[in-house]
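J.: I would like to see how this sequence folds:
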Amino acid sequence: MAERKDAKTEALRQSGSLHPHPQRVADALFREREFFDPEDLVQVKYEMLRRVQAEGQSVVQAAQNFGFSRVAFYQALHAFEKDGLPGLVRRRPGPRHAHKLSNAVLEFIEEAQSQDRSLRARELAKMVLEKFGLSVHPRTIERALSKSRKKGR
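T.: A predicted model of the protein is given here:
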């Protein structure tokens, strides 16, 4: 049984579904029944939402029983309504890629640097701001240039 629990815990960790604070889950089912796992964040959030929607429990009571704030309850509700169960899986915050650097902006940066190799990311960022009206951090430009060099652009 301990091996199965360890394997499940590792699977939850890898999928981003391991509850960082399972000790906060005070709901009786999660404390008394083996099926309900306080380490399974998706299961905990789903059951919290279900209690409110299906059983009419108050948001305040459900959030408290499942170890969340009211704000976290509404965030989970919004995510579930938008994406279903996958919406309850935690995601890393922030952008996933250099979303400001379109192909046109990147081509402009590469062209400017090919004409003047002494240009640094800070100067390139100023040029991008002037031409495109985009405020781009110099480190973002450095990463993009490094990535394009690796691809052989």
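
J.: just for this structure, where's the confidence low?
T.: 1-4, 92-98, 151-153 (pLDDT under 70).

J.: quickly list the domain ranges of it.
T.: Domains of the chain are assigned by automatic domain parsing as 2-88, 103-148.

J.: adding mean neighbour count, write those out as JSON lines.
T.: C-beta: built from backbone N, CA, C; applies to glycine. Listed next are the domains of the chain as JSON lines, based on neighbours: other CB atoms under 10 Å:
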{"stretch": "domain 2-88", "mean neighbour count": "15"}
{"stretch": "domain 103-148", "mean neighbour count": "14"}
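
J.: just the strands from this structure, written as ranges.
T.: With DSSP state E, there are no strands along the chain.

J.: hang on, residue 66 packs against residue 28?
T.: No. Assessed by CB atoms under 8 Å, residue 66 is found out of contact with residue 28, at 11.4 Å.

J.: shared neighbours of these two, anything?
T.: Here residue 66 and residue 28 share no contacting residue, scored by CB atoms under 8 Å, 6 or more residues apart in numbering.

J.: quick one, what contacts the residue nearest to residue 80 when sequence neighbours are not counted?
T.: Counting by CB to CB, 6 or more residues apart in numbering, residue 80 lies nearest to residue 87, which is 5.2 Å off, once chain neighbours are set aside. Contacts for residue 87 (CB under 8 Å, 6+ apart) come out as 79-81.

J.: and what of residue 89?
T.: 15-17, 41-42.

J.: now those residues in TSV, with distance to residue 130?
T.: Shown next, in TSV, are the contacts of residue 89 (distance: CB to CB, whole Å):
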residue	distance to residue 130
15	44
16	40
17	45
41	46
42	47
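
J.: turn the contacts of residue 87 into CSV, including distance to residue 46.
T.: Supplementary listing: these in CSV, determined by distance: CB to CB, whole Å:
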residue, distance to residue 46
79, 11
80, 7
81, 12
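
J.: how about the helices in the protein?
T.: For the chain, the helices defined by DSSP state H occupy 2-15, 28-32, 41-55, 59-65, 70-83, 103-115, 121-132, 138-151.

J.: which stretch among those helices comes nearest residue 21?
T.: Nearest to residue 21 among the helices of the chain is helix 41-55 (9.4 Å), distances taken as CB to CB.
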